[in-house]
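[1] this one's structure only:
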DNA sequence: GAGGTTGTGTCAGTTTCCTGACACGCCTAA
DNA sequence: TTAGGCGTGTCAGGAAACTGACACAACCTC
């Protein structure tokens, strides 16, 4: 097709989205045979690492809204992958726990995702990975240190 | 809230998604006052850099499906930001062009987005940025060099 | 203690995007 | 010439996500 010489991929922002998109596509590809979506997997992984997380906390961790995470949690609870107390032990927060079934389901999904991540890092040295870690964290911090307006340090 | 010591952000994949998510949120924030979405902006930016792109090519460039891009293009055409020939000059491909109105609309959006990207790179040296560029491209290549299965080079 | 702020779970409505499928036109090779 | 593969534009249908709004509980401040 049209392959003009202009390079939009000069932009680190575009490249970032491209990488993230490629990663998500690769994850979807390996999770689909397991009957899982990326959000689905993210939720389970978060619960494995931090049991008792609330709906809102899970939502933030999986980059979706509370509402979206709630419908997902209802489905996961219905299918026996997670459990939530009928009544909140304190406040309105319903701490969610993984069931053995959920843990088993996560196990294979986690292995598949880890393989994808390993493939992504193919060709990168340990040093590269450490640099990527630092750089990405710096980007996140700079973007979130909001001040949406024009403010450029001293 | 619950701030247990387990660190999920050890994963570069998670960090990548986090960064991409933060970037998108920041872009949405500055584009909203201009009445634009990220996909909206991406489409215009692509057309500015590569005039005459087809619907499908725009879709790939903006990381959405042809169908989604098509409805967006119809809206942009209705509002006078882009033009497409009524009939395909060759094949079925409808090459899209930016109108002066579209170019003007893009100009301020582009400035806003560029500011966001500059903010993202705050605190990173030129060397860091060059490294980020190389690393991200390596990740993208490794992920796309598909072979979805288990294959780990020599 | 009173009042404001923040965070949470939930309900409703809507928008957005994707999956699936079809017909058409170019291109290459037999 | 004649198939076959490939890319494209387009038509539904459905699934996933979001925005907006409400009531309640914990926390902090005065």
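    Perfect, I can see it now. For clarity, every value in this text was computed on a predicted model and none was experimentally measured. Numbering: from 1, shown residues only, chains lettered A, B, ... in the order given.

[2] Return the set of buried residues in stretch A:68-78.
    A:69, A:70, A:72, A:73, A:76 (16 or more other Cβ atoms under 10 Å in any protein chain shown). Yep, even glycine has a C-beta here, placed from its N, CA and C like the rest.

[3] do you know how far the most centrally placed residue in chain A is from residue B:106?
    With distances taken as Cα atoms, centre = their mean, the residue of chain A nearest its centroid is residue A:62 (4.7 Å). With distances taken as Cβ to Cβ, to the nearest Å, residue A:62 is found 33 Å from residue B:106.

[4] what's the answer for residue A:74, then?
    The value you get for residue A:74 to residue B:106, if Cβ to Cβ is used, is 42 Å.

[5] Residue numbers of chain A in contact with DNA strand D?
    Contact residues (Cβ under 7 Å from any atom of the strand) of chain A with DNA strand D: A:1, A:37, A:39, A:63-65, A:67-68, A:71-72, A:90-92.

[6] List only buried entries from these.
    A:39, A:63, A:64, A:72.

[7] Hmm, residue A:72 and the first one touching each other?
    Read it as residue A:39. Yes - the pair residue A:39 and residue A:72 qualifies as a contact (Cβ atoms under 8 Å) at a distance of 6.3 Å.

[8] shared neighbours of those two, anything?
    Each of residue A:64 lies in contact with both residue A:39 and residue A:72 under the rule Cβ atoms under 8 Å, 6 or more residues apart in numbering or on different chains.

[9] Among the residues of chain A next to DNA strand D, which lie within helices?
    A:39, A:67, A:68, A:71, A:72 (DSSP state H).

[10] Could you identify the most distant pair in the residues you listed?
    Spatial extent of these (Cβ to Cβ) is set by the pair A:39 and A:67 at 12.6 Å.

[11] Show me the strands in chain A, by range?
    Secondary structure of chain A (DSSP state E): strands located at A:82-83, A:97-98.

[12] The first one: partners in the sheet, and parallel or antiparallel?
    What it means is strand A:82-83. When pairing is defined by DSSP bridges, strand A:82-83 lines up against strand A:97-98 (antiparallel).

[13] Can you give the contact residues for the partner strand?
    A:44, A:47, A:48, A:51, A:52, A:81, A:82, A:83, A:84, A:106.

[14] near DNA strand C, which residues of chain A?
    So far as Cβ under 7 Å from any atom of the strand goes, chain A lies against DNA strand C at A:54, A:55, A:56, A:57, A:66, A:67, A:70, A:88, A:91, A:92, A:93, A:94.
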